[in-house]
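*Asks:* Okay, here's the prediction I keep looking at, along with the sequence it came from:
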Amino acid sequence: MRATVATPDETTRKPPRVSSRRLTERVFRIRESGIIVVLVLFVAVTVSIQPRFASQQELHFILANTTVFALLALGQTMVVVSRNVDLSVGSVVGLSAYLSASLFGKVHGIPIVVVFLVGLAIGLAVGVANGLMVAIGRVPSLVVTLATLYIVRGIDILIVGGNEVVAQTLPNAFIQIPRAGVYGVPYLAIAVAVVVGLGAYYLRSYRSGRELYAIGSNPEAARLAGIHVGRRVFTAFTVSGAIAGVAGVLWAAQYQTVDSNAGTGYELTVIASVVVGGVAIFGGSGSAVGAAIGALLLQTINSALYVLGISPFWDQAIAGLLLLVAITLDRVISLRLSAALRRRSSGVGT
Amino acid sequence: MSEPSQPRTPPAPGDGRGAALPSLLHRAMRWETGLALVVVAIALFGVAVSPQFLTPSNLFNLGVTSGEVAIMALPMTLIIISGEIDLSVASTLGMSSALLGYLWARHWPMLAIFVMVVLLGAAAGLFNGVMVTRVGLPSLAVTIGTLALYRGIALIILGSNTISNFPAPYSTIGVLGVANTDLPWNVAIFAALAVIFGVVLHATPTGRSIYAMGASPGAALYAGIRVKRIKLLLFVTSGVVCALAGVLWTFRLSTAVQNNGIGLELTVVAIVLLAGVSIFGGKGSIIGVVLAVLAFAGLQDALLLTNFNQEATGIVTGGLLLISVFVPTAGSAVARSREWFRARGRRAPSVIGAGHE
């Protein structure tokens, strides 16, 4: 409500655009460098206590676990930046993981590419449904995706029943996807890093990408500026769904045993990663790279606690606490930014 | 040259779909009437699928399995009407359950345990409330954090232990009703709380304030309503009530384990939304919530009597949720979809249903 009160200043504040953009960029950099510093410190402390943490196996383990979440975080970033949220991703991962992986047992010698396409199609279908309901139905995305979370998981349970996909039915080439790598870095992690980089570049530098930020900052202003709000939001949900579908196939390759619980609760972990990575939960700012690093940080913490011999019972509390610290810091930074902007605009004077 | 469109900014998210509504009351009445019809339809469905549906033992079952969720839906209703959300409810339930088990295993007297559990619930709610109202963070983000944190604390308290040796008057609340009737304890407590919450929400200045701050936070603030203080109180209330639900849950299942009630937060939110409470705040009623609880519990129970896969009832919950948000706007949605598919470049639909508060 405070932002509403301040609206008149915002229009007068517009002129010094270049400098304010530079300032914003700096804050973006602070944000991501902040989380990178936390990550480095965390690793350094862990390694100094337990040198075993610096091993290639450990690196491989962490990166392999991060890939699925980093991908999901990319899709979620697109959605959250536009001031929406996609809660259905965990269920999509589960459905896609089972349906795609079970193909290996049903169709002998099916090409792996086809399996990935099936996963993609499943995710795409749910994403399109979410997108249409949010864009046309004008129903809040929290409600729509909460409903599809239940529905997709229910469909999953009906299809799976008590069955499960077991590792023996999966071809070796498929299982190797998250495992092959060099110097403890899985090829898959490199591929995901490239995808996240491209996604972040698109969001930052393409018109339609930037429009998502505009919509998230102020939907009404975005509409008045001639942005196709419905279409952009539809696209964001479609991409998020599609990514979740592919992530489901990767999930199956990573964990090999798929039952109807696959991916349960992932939605909240992904949102936590995104928020820890500096994406504002009410849209308008943050980057996909930050979100991916957020996912990496959460996975690193899990592994570090394990290596340090700290009871795994502490994992969740620490992850929750970290999320709260991250959003509090984010709030402090943005308050400081708006104070700086106000000082700057009064300095430039009217 | 200030913008002429400026005065319409304040209730930005709320007015997205409310443009052509008649009166608020009118709409609310229609909604609750529809919901009542749904409850009747579900009851008929239950009778049709099984003659056992209306037997006392089945009705007892129906009530007892949904009691805690129903209880947690009450403070959630007030919080959502005020324009916030609390996703940590199920974790607060789990944390209270863990503390209850932990202290009981260490031979604390039951009364002292109750006091501690209630204090823990109040502290949990206070933390949420302070983060939201004093630090100024969005409640969605805060309570996703405390969802993990409180569940994590439950894990730290109990680890992988299961405590289940609770004494008789407590451990039988899952099978015996209040004073030898067929009314389960948790349903009786829900009924009592529903009356209290209903009176507070619909018949006190505080209740009106809750609607006001949800409908238009700015206007509420300028009208002299203590928005932050009331929201803080709502979060504390939610914590205490969820702790109570945790106690009931533990005794009903006679088990304290760290994952008690895991994932229930979304069920609670679903019930509240089904009740016609707007996710943007400012709309909804306790009667609607009571009806939504009946619909939800009845449907779940009726499906249990069919041979529908019990775990897949989420399909029905989700479907109900979608219907509940689409039915009121069906007419305009059809028109909009036509427009949307025809739109070739120019006018895309205006405001999306953005914002999750």
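*Replies:* Everything's here; your move.
*Asks:* What's the separation between the most centrally placed residue in chain A and chain B?
*Replies:* What sits nearest the mean C-alpha location of chain A, by C-alpha atoms, centre = their mean, is A:Ala73, with 0.9 Å. Distance from A:Ala73 to chain B, counting by C-beta to the nearest C-beta, to the nearest Å: 14 Å. All C-beta spots, glycine's among them, are computed from the backbone N, C-alpha and C.
*Asks:* If I look at that residue, what pLDDT would I see?
*Replies:* pLDDT, A:Ala73: 95.
*Asks:* doesn't A:Ala288 make contact with it?
*Replies:* Yes. Counting by C-beta atoms under 8 Å, A:Ala288 is a contact partner of A:Ala73 at 7.1 Å.
*Asks:* Find the nearest non-adjacent residue to the residue nearest to the centre of chain A, please.
*Replies:* A:Ala291 (3.9 Å; C-beta to C-beta, 6 or more residues apart in numbering or on different chains).
*Asks:* Let me see the contact set for that neighbour.
*Replies:* Residues counted as contacts of A:Ala291 (C-beta atoms under 8 Å, 6 or more residues apart in numbering or on different chains) are A:Ala70, A:Ala73, A:Leu74, A:Gln76, A:Thr77, A:Ser273, A:Val274, A:Gly277, A:Gly278, A:Val279.
*Asks:* part of a helix, is it?
*Replies:* Yes. Assignment of A:Ala291 by DSSP: H, G, I helix; E, B strand; the rest coil places it within a helix.
*Asks:* so what sits against both of A:Ala73 and A:Ala288?
*Replies:* Jointly contacting A:Ala73 and A:Ala288 under the rule C-beta under 8 Å, 6+ apart are A:Val196.
*Asks:* Looking at residue 257 now. What's its pLDDT?
*Replies:* If you meant another chain, say so; for now it's chain A. 87.
*Asks:* That was the other one, I meant chain B.
*Replies:* At B:Val257, pLDDT is 90.
*Asks:* Check for me that A:Ala339 belongs to a helix.
*Replies:* Yes. Secondary structure assignment places A:Ala339 in a helix (three-state DSSP).
*Asks:* gap between it and A:Thr169?
*Replies:* A:Ala339 sits 59 Å away from A:Thr169, going by C-beta to C-beta, to the nearest Å.
*Asks:* any weak-confidence spans in chain B?
*Replies:* Filtered on pLDDT under 70, chain B yields the residue ranges B:1-29, B:328-336, B:340, B:343-357.
*Asks:* And the residue nearest the centre of it?
*Replies:* In chain B, the centroid-proximal residue (C-alpha atoms, centre = their mean) is B:Ala73; its distance is 2.9 Å.
*Asks:* how about it, what does it touch?
*Replies:* Listed by C-beta under 8 Å, 6+ apart, the contact partners of B:Ala73 are B:Val268, B:Ile271, B:Val272, B:Ala275, B:Val289, B:Ala292, B:Val293.
*Asks:* could you redo the last one with a cut-off of 6 Å?
*Replies:* Taking C-beta atoms under 6 Å, 6 or more residues apart in numbering or on different chains as the criterion, B:Ala73 is in contact with B:Val268, B:Ile271, B:Val272, B:Val289.
*Asks:* For those, give me CSV that also has neighbour count and secondary structure.
*Replies:* Listed next are the contacts of B:Ala73 as CSV, based on neighbours: other C-beta atoms under 10 Å in any protein chain shown; DSSP: H, G, I helix; E, B strand; the rest coil:
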residue, neighbour count, secondary structure
B:Val268, 27, helix
B:Ile271, 26, helix
B:Val272, 27, helix
B:Val289, 28, helix
